[in-house]
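*Asks:* predicted model, plus sequence, below.
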Amino acid sequence: MELANLQELLNSALKDISEAKNSDDINNIRNAYLSKKSALMSMFSLLGKMDPEQRKEAGKEINDVKVAISEKLEEKQKDILAKELEEKLNKEKIDISLPGRDFSLGGKNPFHIIIDEMTDIFLGMGFEVCNGPEVETDNYNFELLNIPRDHPARDMQDTFYIDENTLLRTHTSPVQARTMERKGGKPIKMIAPGKTYRRDDDDATHSHQFAQIEGLVIDKDINIGHLKATLELFARKMFGEGREIRLRSSFFPFTEPSVEVDISCMNCGGKGCSMCKGTGWIEILGGGMVHPNVLKMNGYDPDKYSGFAFGIGIERVAMLRYGIDDIRKFYTNDVRFLHQFKKKI
Ligand code: DAH
């Protein structure tokens with residue numbers, strides 16, 4: 001290959017480039033003129049045989065041609081790519097008339113919906129939310145709540161034992177003792193929602209696993225009026241403004257006096273119906289004034305402090321609220337049941 005052909009080669013490349021129509025043409029031209037084996041590139045090998053003066057000049061000439069071809073080729077390639085993209089976009093249209101693919105979101109279990117609702121009501125009254133373990137010690141679950149080992153009240157709360165001193169908690173009341181210990185004699189206003197366990201035979205109203213919300217308020221000059229007002233407000237927020245509550249005397253080892261709390265039936269308004277078994281009242285929780293022994297055992301001076309406490313069965317509230325007839329439905333995960341509580345979005 002002679003150097004004299006350089007101009008001819010450039011002309012022919014520029015002509016080919018100007019006639020290129022697509023990316024394939026561009027690739028072919030690049031191969032023909034700029035690949036290692038191309039005529040232009042092989043001219044570089046002639047340089048070695050030249051004397052230095054000549055070599056410098058010839059090298060520059062060959063390189064100028066190479067740069068000129070490369071630049072033109074690149075310019076043309078850009079034009080072609082833009083054109084090809086435009087053609088492609090014109091051809092491909094998205095059919096927005098197709099319906100989108102349906103996707104389904106999960107929903108909250110009614111059990112959690114009701115816990116959130118109950119918690120919100122108490123947060124609104126200034127309660128804080130506390131927690132305790134579900135695997136509990138005999139000491140917190142019984143002893144510190146004034147239920148010693150030989151107390152007959154233990155018979156009502158048989159549970160699952162891990163060993164002699166460790167058990168699945170039978171109620172959320174141990175969180176009372178734990179919170180008193182943690183607060184070290186300072187005022188308390190807390191609720192503690194959570195799971196509880198008992199060795200019950202499962203039926204429509206009993207489940208070996210269930211849940212409660214515990215409440216505990218300790219301060220100076222707390223009296224049973226505070227308990228009543230708090231629970232009345234709760235009942236009205238939960239079951240409607242017209243609800244009345246009544247306190248009946250009862251017994252719990254950790255409260256004195258102890259009460260069962262009934263609300264006026266939300267079905268018949270208190271006249272008597274099948275839901276309230278003709279009485280006009282429905283029992284929803286237990287409570288009372290914190291027993292002086294419990295205050296003392298947990299580091300509070302009963303001469304200075306008093307308090308009230310209560311325990312509400314969560315499923316029971318949900319069953320009354322939603323008209324659910326079987327407690328086991330909360331735990332069997334039947335989607336036909338769960339779907340009814342799914343929020344529409
Ligand atoms: N722990 C009791 C139970 O499970 C419920 C209860 C009653 C809790 C009275 C209290 C209370 O805090 O004061 O049966």
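*Replies:* On my side now, so go ahead. This is a predicted model, so every value here is computed, not measured.

*Asks:* which residue is the nearest non-sequential neighbour of residue 48?
*Replies:* When the adjacent residues along the chain are set aside, residue 48 lies closest to residue 55, with 8.0 Å between them (C-beta to C-beta, 6 or more residues apart in numbering). Any C-beta I mention is one placed from the backbone N, CA and C, and that applies to glycine too.

*Asks:* got it, and residue 273?
*Replies:* The shortest distance from residue 273 to any residue other than its chain neighbours is 5.2 Å, reached at residue 267 (C-beta to C-beta, 6+ apart).

*Asks:* measure residue 268 to residue 143 for me?
*Replies:* The spacing between residue 268 and residue 143, counted by C-beta to C-beta, to the nearest Å, is 43 Å.

*Asks:* also residue 237?
*Replies:* Counting by C-beta to C-beta, the gap from residue 237 to residue 143 is 35 Å.

*Asks:* assumed residue 162 was part of a strand.
*Replies:* Yes. According to DSSP: H, G, I helix; E, B strand; the rest coil, residue 162 belongs to a strand.

*Asks:* bridging residues for the nearest residue to it once chain neighbours are set aside?
*Replies:* Distances taken as C-beta to C-beta, 6+ apart put residue 135 closest to residue 162, at 6.4 Å, once the chain neighbours are dropped. Assessed by DSSP bridges, residue 135 has beta-bridge partners residue 168.

*Asks:* tell me the contacts of residue 135?
*Replies:* Residues near residue 135 by C-beta atoms under 8 Å, 6 or more residues apart in numbering: 162, 166-169.

*Asks:* closest one to the ligand out of the residues you listed, please.
*Replies:* Out of the contacts of residue 135, the one with the shortest distance to the ligand is residue 169. That distance is 9.7 Å, counting by C-beta to the nearest ligand atom.

*Asks:* can you count the residues close to that closest one?
*Replies:* Taking other C-beta atoms under 10 Å as the criterion, the count of residues near residue 169 is 26.

*Asks:* go on, residue 19?
*Replies:* The number of residues packed around residue 19, counting by other C-beta under 10 Å, is 10.

*Asks:* just residue 96 next, same as before
*Replies:* By other C-beta under 10 Å, 6 other residues sit near residue 96.

*Asks:* what's the helix or strand for the nearest residue to residue 330 once chain neighbours are set aside?
*Replies:* The shortest distance from residue 330 to any residue that is not its chain neighbour, by C-beta to C-beta, 6+ apart, is 4.8 Å, and that residue is residue 111. Counting by DSSP states H and E, the element that carries residue 111 is helix 110-124.

*Asks:* try residue 283
*Replies:* In the assignment (DSSP H and E), residue 283 maps to strand 281-290.

*Asks:* what's the mean pLDDT across that strand?
*Replies:* In this model, strand 281-290 carries a mean pLDDT of 96.

*Asks:* report all helices and strands that it contacts.
*Replies:* strand 209-219, helix 224-239, strand 245-252, strand 255-264, strand 306-313, helix 314-322 (3 or more C-beta pairs under 8 Å, 6 or more residues apart in numbering; DSSP states H and E).

*Asks:* sorry, back to before: more neighbours, residue 268 and residue 143?
*Replies:* Just comparing residue 268 and residue 143: by other C-beta under 10 Å the higher neighbour count belongs to residue 143, 17 against 14.

*Asks:* can you give me every residue that contacts that one?
*Replies:* If you count contacts by C-beta under 8 Å, 6+ apart, residue 143 has them with 149, 297.

*Asks:* go again with 6 Å.
*Replies:* Contacts of residue 143 were listed using C-beta atoms under 6 Å, 6 or more residues apart in numbering, and none were found.

*Asks:* chain neighbours aside, what residue packs nearest to whatever residue of the stretch 1-150 of the chain ends up closest to the ligand?
*Replies:* With C-beta to the nearest ligand atom, the shortest gap between the stretch 1-150 of the chain and the ligand falls at residue 145, namely 8.0 Å. What sits nearest to residue 145 in space, not counting adjacent residues and going by C-beta to C-beta, 6+ apart, is residue 254, at 4.2 Å.

*Asks:* quick check: residues of the protein near the ligand?
*Replies:* 171, 173, 214, 252, 255, 286-288, 309-311 (C-beta under 6 Å from any ligand atom).

*Asks:* I'm done for today, thanks for sticking with me.
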